[in-house]
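1. Pasted the sequence and its predicted model underneath.
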Amino acid sequence: MKFKNITATTCLIALIASLVSGCYEKEELNVPVTETSELVDEIDIYIEENFTQKYDMAIRYKFVDNYVGVDERAVPPALENVQPMLEFIQEFWINPYLEVSNGADFFANHVPPEIVFLGGPIYNYDGTITLGTADAGAQITFTNVNDIDREDEEWVALQLHVVYHEFSHTVHQRYKLPNAFEEIAATGYTSGGSWYTLTDDEALERGFVSPYATSSPNEDFAETVSFYLYDKDFIDYFLTDEADCATLDCESKNDGREKIREKVASISEHYLKVTGIDLEELRNIIQAKL
């Protein structure tokens, strides 16, 4: 299953889309949560015991407009979806790091202190929607929590893409990019704001795992890490050359794959050196859970 059309930035992962007129009419925004609700009490106790005390991590799921910009709108998650979402990120984000060699120390020292759950996407004033955000290692926002469905491969891919992408930014933010990483596909980066004009195939031919990866070396790093960890077809699609190439298109894609192989090798060496984490081991743990 390929789900390569998600895009990401250091501060947000956005899917550009036209919004239907009146898209807010059926969703009451910033609905207050009844603090005396028994379910709220149960959720808050679960968060305190399983996330705040263990990881010093706050989970925000109430009054969600406090966690988006003034020109953005969002809806809170349904209460019954909060604990299942917490269990999801525990299983597919936190546990893999706790299980990989040196991962527990890395996670404890790099975990963002604040996680935000939104029921749907973030609606922007310009007609776009945002599918996930992060704030310099301090906050990660998960959207579309109300669509939670572990059997839906696209929903799972979206959530994992968001969290692996954003969490990987902490590595280059603290330890810089691998040496000469930006030189591997230097001519393939796009000018500001033009990455979305590329197709997936065009990005691959340039040596990138997604169009958004072409927007900057930092996003290239994060996109490559994220795709490598969550995409079960990554090795076959991005690292393995097509055999018996007879067209320029095929040859161009294989040239792009050679650059991606160089990037994965560079990133993997860098991760092991600065974090002590073997990315291949981490990928294997994640893939075994999917």
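-> Received the coordinates, thanks. Every value quoted in this text rests on a predicted model; they were computed, and no experiment measured them. Numbers count the residues shown, from 1 in each chain.
2. Residue 65: neighbour count?
-> 16 (other Cβ atoms under 10 Å). In short, each C-beta sits where N, CA and C put it, glycine included.
3. helix, strand or coil for it?
-> Taking DSSP: H, G, I helix; E, B strand; the rest coil as the rule, one finds residue 65 in the helix state.
4. And for the one residue sitting closest to the centre of the chain, nearest residue in space, chain neighbours not counted?
-> The residue lying closest to the centre of the chain (Cα atoms, centre = their mean) is residue 162, at 1.6 Å. Nearest non-adjacent residue to residue 162, counting by Cβ to Cβ, 6 or more residues apart in numbering: residue 132, 3.4 Å away.
5. Equivalent analysis for residue 123, please.
-> residue 73 (4.5 Å).
6. Distance check, residue 233 against residue 157.
-> Note on residue 233: its distance to residue 157, by Cβ to Cβ, to the nearest Å, is 11 Å.
7. and those two? which has more neighbours close in?
-> residue 157 (21 against 13).
8. Find me the pLDDT at that one, would you?
-> In this model, residue 157 is scored at 95, pLDDT.
9. now it: how far from residue 286?
-> For residue 157, the distance to residue 286 - Cβ to Cβ - is 12 Å.
10. Contact partners for residue 137?
-> 110, 112, 169-170, 173 (Cβ atoms under 8 Å, 6 or more residues apart in numbering).
11. correction: residue 159
-> 88-89, 92, 132, 142, 144.
12. go with 10 Å
-> 85, 88-89, 92-93, 131-132, 142-145, 147-148, 150, 230 (Cβ atoms under 10 Å, 6 or more residues apart in numbering).
13. In which helix or strand does it reside?
-> helix 153-175 (DSSP states H and E).
14. Residue 141 now?
-> Assigned by DSSP H and E, residue 141 falls in strand 139-142.
15. and the gap between the residue at the greatest distance from the centre of the chain and residue 43?
-> In terms of distance from the mean C-alpha position of the chain, residue 246 ranks first, at 35.7 Å (Cα atoms, centre = their mean). Note on residue 246: its distance to residue 43, by Cβ to Cβ, is 58 Å.
16. Same question for residue 64.
-> Distance from residue 64 to residue 43, by Cβ to Cβ: 15 Å.
17. Please say which of the two ends up with more neighbours.
-> residue 64 (25 against 20).
18. Within its sheet, name the partner strands of the longest strand along the chain and how each one runs.
-> Longest strand of the chain, by residue count under DSSP state E: strand 129-134. In the sheet, strand 129-134 lines up against strand 12-15 (antiparallel), strand 122-124 (antiparallel), strand 139-142 (antiparallel) (DSSP bridges).
19. ok so, going back, just give the number of residues close to the residue nearest to residue 123.
-> Neighbour tally, residue 73, other Cβ under 10 Å: 19.
20. likewise residue 213?
-> Neighbours around residue 213, by other Cβ under 10 Å: 32.
21. from memory it sits against residue 228, does it?
-> No: between residue 213 and residue 228 no contact is recorded; they are 11.7 Å apart, counting by Cβ atoms under 10 Å.
22. Check the contact lists of the two and give me the overlap.
-> By Cβ under 10 Å, 6+ apart, the residues touching both residue 213 and residue 228 are 260, 263.
23. Can you check the pLDDT for residue 129?
-> 78.
24. With the one 4 residues further on instead?
-> Model confidence at residue 133, given as pLDDT, is 74.
25. Was I right to think it contacts residue 163?
-> No: using Cβ under 10 Å, residue 133 makes no contact with residue 163, being 11.3 Å away.
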